[in-house]
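A.B. asks: Next one to model:
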Amino acid sequence: MTQVKITTTQKVNIVATFEDMDGIAVDVVGTPVWASSNPAIATVSPATDGLSCDVLSVATGTAQITVTAEGDPTPGVDPVSGEQDVIVVADEATQGAGGGHAGAEVAEPRLGNTGPLGEGRAGPKI
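C.D. replies: The predicted structure is shown next:
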């Protein structure tokens, strides 16, 4: 699992790219679902198509962001998922060091998949 670090005044946009084990893009059925393991630390605001998601910091700590989609028209037959740890640290301005970045966004991570899932499919890259 990979991680990204943001401050309490930042957000990050995470993009899911669904690929098979050969790295070839594949379609998913329906809209991918995003979730935060700890909304008190970071919340999720998915795009309408579910292929990306803004993660908004709330407080310091760590939250795991997950995305799940169906790779088969029959629900539950071929689910694919990915996860990303988001670590939220105090902003420099709140630590008294000055120079905060209120509302700043960090670079868009595109991170490794979770490995083979289901019938020969790999999870999304997030």
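
A.B. asks: Relative to Ala69, how far out is Pro75?
C.D. replies: 11 Å (CB to CB, to the nearest Å). Where C-beta positions appear, they are placed from N, C-alpha and C, glycine not excepted.

A.B. asks: who's more crowded, the two?
C.D. replies: The residue with more neighbours, out of Pro75 and Ala69, is Ala69; 23 against 10, by other CB atoms under 10 Å.

A.B. asks: For the more buried one, identify the helix or strand it belongs to.
C.D. replies: strand 61-70 (DSSP states H and E).

A.B. asks: and after that strand, which helix or strand comes next?
C.D. replies: strand 79-89.

A.B. asks: So what are the sheet partners of that next one and their directions?
C.D. replies: Using DSSP bridges, the strands paired with strand 79-89 are strand 3-7 (parallel), strand 61-70 (antiparallel).

A.B. asks: Need the winner for burial among those strands.
C.D. replies: Of all those, strand 61-70 carries the top mean neighbour count, a mean of 20, counting by mean count of other CB atoms under 10 Å.
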